[in-house]
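Asks: need a 3D model of the following:
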Amino acid sequence: MTRWTLVRRNLTRRKLRTVLTIFAVMTAFLLFGLLKSLERTLDAGSDLAAADRLVVINKINFTQPLPISY
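Replies: Residues are numbered from 1 along each chain as shown. This next block holds a predicted model:
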């Protein structure tokens, strides 16, 4: 019995497990690709912004807005 025969027999022994494993791997690659494309899209937006733009955030909590005088 060769190695590939053993692999093929084990893959066809539990078909549901094989299908679920393939589905999980495909889902993982799909999510990775979508998240990387989202990251590149967001980075591209910041690259197009002016180079002399200054971003200022609250020292204590970044969700609190800054006062109007700033």
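Asks: return the distance of Leu30 relative to Arg40.
Replies: From Leu30 over to Arg40 the distance is 16 Å, taken as C-beta to C-beta, to the nearest Å. (Glycine included, C-beta is placed from N, CA and C.)
Asks: so which bits of the strand or helix carrying Val25 are buried?
Replies: Using DSSP states H and E, Val25 falls within helix 15-48. Across helix 15-48, burial judged by 16 or more other C-beta atoms under 10 Å covers no residue at all.
Asks: and the residue lying farthest from the centre of the chain, what pLDDT?
Replies: Relative to the mean C-alpha coordinate of the chain, counting by C-alpha atoms, centre = their mean, the farthest residue is Met1 (40.9 Å). Here the pLDDT value assigned to Met1 is 83.
Asks: what do you get for the one 5 residues further on?
Replies: Leu6 carries a pLDDT score of 93 in this model.
Asks: the helix holding Val25: how far from the chain's middle?
Replies: Taking C-alpha atoms, centre = their mean, to the nearest Å, the mean C-alpha location of helix 15-48 is offset from the chain mean by 5 Å.
Asks: list the buried residues of stretch 60-70.
Replies: When burial is assessed from 16+ other C-beta under 10 Å, stretch 60-70 yields no buried residues.
Asks: need the residues that contact it.
Replies: With contact meaning C-beta atoms under 8 Å, 6 or more residues apart in numbering, stretch 60-70 is reached by 56-58.
Asks: how about 7 Å then?
Replies: Stretch 60-70 has contacts (C-beta atoms under 7 Å, 6 or more residues apart in numbering) with 56, 58.
Asks: I'd like the mean pLDDT over that stretch, please.
Replies: Rounded mean pLDDT across stretch 60-70 is 72.
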